[in-house]
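Undergrad: Show me how the following folds:
(one chain, ligands or ions: 1)
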Amino acid sequence: MSTMNARCGYAPWIAGSLLFSSFAFANLPPVIDSIADQLVLVGSAVEIVVIPRDPERVVPGLTISDMPNGATFFDNQNGTRTFKWVPSTSDVGSRLITFEAIDALDSNLRATVSITVTVNASSQPNQPGIINQAPRVEPLSDRTVQVGESVSFRVVPVDPEGVVPALSADSLPAGASFDDNRDGTRQFRWQPNDQQVGDSTISFTAFDESVPSLRSEETVKITVTPPLAVAPDNPDTPITPDDPVMEGAPFFVGLDDQFITLGDTLSLRVVAKDDDGSVPGLSIDRLPERASFKDNGDGTRTFRWQPYPIDLGDTDVRFSTIDANNSANRTFQTIRLNVVRDSNRVVNFPPVINGIRNPTIRVGDTLAQRVQPVDPDFTVPSLSALSIPPGSQLVDNGDGTRNLQWLTDAGDLGDTQASFRAVDSVDPSLSFESTITVSVVDPSTFARDGERLRDLADRRGFKIGYAAVLQASQLADSQLYRDIAAEEFNIVTPENSHKMGWIQPQRGVFKWEDADELANYAEQNGMSLHGHPLVWFSQLPAWVQLLDPSNAQAVMREHIRALVSRYRGRIAIWDVVNESFEDDGSYRNSIWHKGMGREYIRDAFVTARQEDPNAVLIYNDYDVAWKNPKSDAMYSMVEQEIAAGTPIDGVGFQMHLRDDFTEYDSVERNFERFANLGMDIYITEFDVAMFNGKNDELQADIFRRVMEICLRQPRCKALQSWGYTDRYSWRSNHEPLMLTDKYLPKPAYYEWQRVLRDF
Ligand code: XIL
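TA: Presented below is the predicted three-dimensional model:
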């Protein structure tokens, strides 16, 4: 799992699409939706959509550091970016990549997420289903050679799967050789004679020996010129017979610090050279927000950036250049971009309206769509409606935002557009327009066949649940969201509102509103409430991140006491400790572990039990549902805690799965061993992200099999999914849940219904 930090004093975590009218005027820091660590095979692509969010809906800046060579970090033009990388053999190993979101209005407010990307060679076991891809030849640059001189270069084949491809040469000129260097590469050598003046094109083919049809070619043009009559010390003279072929690192030419005046766009051509004449690769590790680094198609790239007022001051960017023949040879250069304001010059950027998703609501529901204009100049734009549905109104929230309020009736059925205009408060000629489509549909659109999941579950004494978004009452479609949840589930977990960063922003200052709202909602709808989590390493408030570990115990106990006592008798199950282990089974070096060692686990359970003797107390973690070093470590921990008399009642298995999941037998046996310890079993955060293209049937099958395993295991008490509509999921790009983003049932929904009914 990724590590997440927010450098700020305010609540760092917000689920998708939330409204913050209760925080008028406070600028909250942005957050980045959490990102799982990635495992990727050489030659396969890893692709991550990085989604920064800002409570104020000001689109935050987004940067990446330690971007691997060859990776890209595309601007999706919707506030998100996509990190994409196809690692090669030389990238095998693990690396940390950090994404940072920067508040658009206050660059001191930032949040980072670091993930580990592990690249495995594909010969590793346990990685079935890998497509064998064609090998390729590392790019070669054309060259010129004089009669009498020689040319020599290495031809490097690479195979995405990490095997050494075979290599052949076509149309070798007379007298040329192509020798095996005994390291998987071959050396091309040629000393042309005066009969060979002119262009020769040679092609090199890399092919997979086991599947020779998998091949690709690289051609190089060698221009042979007649002997020159100039002195050999001319610096432009090409390689002479005495010059060794240089294999040194490439270097930048004329790359320097830059001044940029606000309002200007910097356009900087980045050029690197290599003594051996090959064209080196170019990359940048930290592309400033709104900057680009385009390939000019001639071996150079252009860095282009128009800074905003938020960028005033220094920004360092690091470029690297990589030897085309040996990726280990690289040179880094950091330049400083100093953005200054010219006081004689008026610069004014146009405002924007933050992206709004088209809402769908039922006839009879009230739409409450918040619209927020922002201006890069930090001024507050005015917002007006160009056209809004008849009967709706644009209500001023008093904080620069407005709400489109609309109580719909049967006459409103269908799609209606609403258009807004933000006008710059300084220069009224600068404006921005945004249009959304509001779909008002008949409530029967959302009808689901058969019985409701909660009724089926109630009959079996089983809990079926979901994680509720933060501040569900303020969603544009909150009535629909809350009604469907209440129809389908008999248990609910807050996705964020119990997290320490949210609920205790300052020591001893508790912000209960959102947790209270959910507790009330659960009670009104006869649902159990599952608290989550009391002790975790992530989503901590800044003051805890800065805490001296010697205070960790006191702080942890205060926090547990405050939450558990407040909801005594109202929260049935508590995730007391969340995610204590690293993947290798070692203890995570959290503030709690730093302060107390592994004893913090016992301490937390004991403290929770003192505050509520009747709540079910569980330990919760991810990637522990099947047997692996981490679940083994968790097993020993639970065993030891039981022996020590720690009041632990059960284990929560998160189960954030992907569509390539196959470990069912292992899950079954793993659940058994925990059940045999006397632990109750909860599947706490189930979802199935689709990474290999949309495949609802495959997803439904995973839903079905996990539900069956749970129902077969007498100690498995609940299956809770981490959200229920793809519209509001922490992994919504991968559509991991049982209803679509339009709240329509997917096959996964009907599989759960069927299994709960018939199994
Ligand atoms: C996630 C929430 O779903 C997101 O809204 C939030 O931005 C980050 O955290 N394991 C946990 C959950 O225990 O609390 C996490 O929830 C997902 C992983």
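Undergrad: Next, the residue of the stretch 601-750 of the chain found nearest the ligand: secondary structure please.
TA: Closest contact between the stretch 601-750 of the chain and the ligand, by Cβ to the nearest ligand atom, is at W730 (3.4 Å). C-beta: built from backbone N, CA, C; applies to glycine. State at W730, reduced to three classes by DSSP: H, G, I helix; E, B strand; the rest coil: coil.
Undergrad: Next one: the nearest residue to it once chain neighbours are set aside relative to the ligand, how far apart?
TA: Leaving aside its sequence neighbours, W730 sits nearest to D33 (Cβ to Cβ, 6 or more residues apart in numbering; 5.6 Å). According to Cβ to the nearest ligand atom, to the nearest Å, D33 stands 5 Å off from the ligand.
Undergrad: Next, count neighbours for A562.
TA: 17 (other Cβ atoms under 10 Å).
Undergrad: Shouldn't it be within a helix?
TA: Yes: counting by three-state DSSP, A562 is located in a helix.
Undergrad: quick revisit: okay, the residue of the stretch 601-750 of the chain closest to the ligand and N354: tell me how far apart.
TA: Separation of W730 from N354 (Cβ to Cβ, to the nearest Å): 20 Å.
Undergrad: neighbour count winner among those two?
TA: W730 (23 against 19).
Undergrad: gap between stretch 342-353 and the chain center?
TA: From the chain centre to the centre of stretch 342-353 is a distance of 32 Å (Cα atoms, centre = their mean, to the nearest Å).
Undergrad: neighbouring contacts of that stretch?
TA: Contacts of stretch 342-353 with the rest of the structure, by Cβ atoms under 8 Å, 6 or more residues apart in numbering, involve 59, 261-263, 308-309, 341, 371-377, 379, 381, 383, 420, 422-424, 426-427, 430-434.
Undergrad: I'd like to know how many residues surround the residue of the stretch 451-600 of the chain found nearest the ligand.
TA: At 4.6 Å from the ligand, E495 is the closest residue in the stretch 451-600 of the chain, using Cβ to the nearest ligand atom. Counted with other Cβ under 10 Å, residues neighbouring E495 total 25.
Undergrad: For burial, what's the neighbour tally of the nearest residue to it once chain neighbours are set aside?
TA: Nearest residue to E495, sequence neighbours excluded (Cβ to Cβ, 6+ apart): A467, at 4.2 Å. A467 has 25 neighbouring residues, counting by other Cβ under 10 Å.
Undergrad: Neighbouring strands of the strand or helix carrying A467 in the sheet, and parallel or not?
TA: Using DSSP states H and E, A467 sits in strand 463-468. Partners of strand 463-468 in the sheet, by DSSP bridges, are strand 491-494 (parallel), strand 716-721 (parallel).
Undergrad: From the contact counts, what lies against the one helix or strand I683 maps to?
TA: Taking DSSP H and E as the definition, one finds I683 inside strand 680-689. If you count contacts as 3 or more Cβ pairs under 8 Å, 6 or more residues apart in numbering; DSSP states H and E, strand 680-689 packs onto strand 616-621, strand 650-653, strand 656-658, helix 664-676, helix 696-712, strand 716-721.
Undergrad: Are the last one and the ligand in contact anywhere?
TA: Just to be clear, that refers to strand 716-721. No: for strand 716-721, no contact with the ligand is found by Cβ under 6 Å from any ligand atom; the gap never falls below 11.5 Å.
Undergrad: avg pLDDT for the first helix or strand past that strand going along the chain?
TA: Following strand 716-721 in sequence order, the next helix or strand is helix 747-758 (DSSP H and E). For helix 747-758, the mean pLDDT works out to 98.
Undergrad: And the nearest residue to R362 once chain neighbours are set aside, how close does it get to the ligand?
TA: Closest residue to R362 apart from its sequence neighbours, by Cβ to Cβ, 6+ apart: P443 at 4.5 Å. Using Cβ to the nearest ligand atom, P443 is found at 28 Å from the ligand.
Undergrad: residue contacts, P443?
TA: R362, V363, G364 are the contacts of P443 under Cβ under 8 Å, 6+ apart.
Undergrad: Which helix or which strand is home to the single nearest residue of the stretch 301-450 of the chain relative to the ligand?
TA: Going by Cβ to the nearest ligand atom, the ligand is nearest to R357 of the stretch 301-450 of the chain, at 16.0 Å. Counting by DSSP H and E, no helix or strand carries R357.
Undergrad: what residues does this protein put near the ligand?
TA: Residues of the chain lying near the ligand (Cβ under 6 Å from any ligand atom): W13, A15, V31, D33, S34, E495, N496, N578, Y622, Q654, E685, W730.
Undergrad: Redo the residues you listed as a markdown table? Include pLDDT.
TA: Below are the residues of the chain next to the ligand laid out as a markdown table (pLDDT from 0 to 100):
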| residue | pLDDT |
| --- | --- |
| W13 | 32 |
| A15 | 31 |
| V31 | 85 |
| D33 | 81 |
| S34 | 77 |
| E495 | 96 |
| N496 | 95 |
| N578 | 98 |
| Y622 | 97 |
| Q654 | 98 |
| E685 | 98 |
| W730 | 93 |
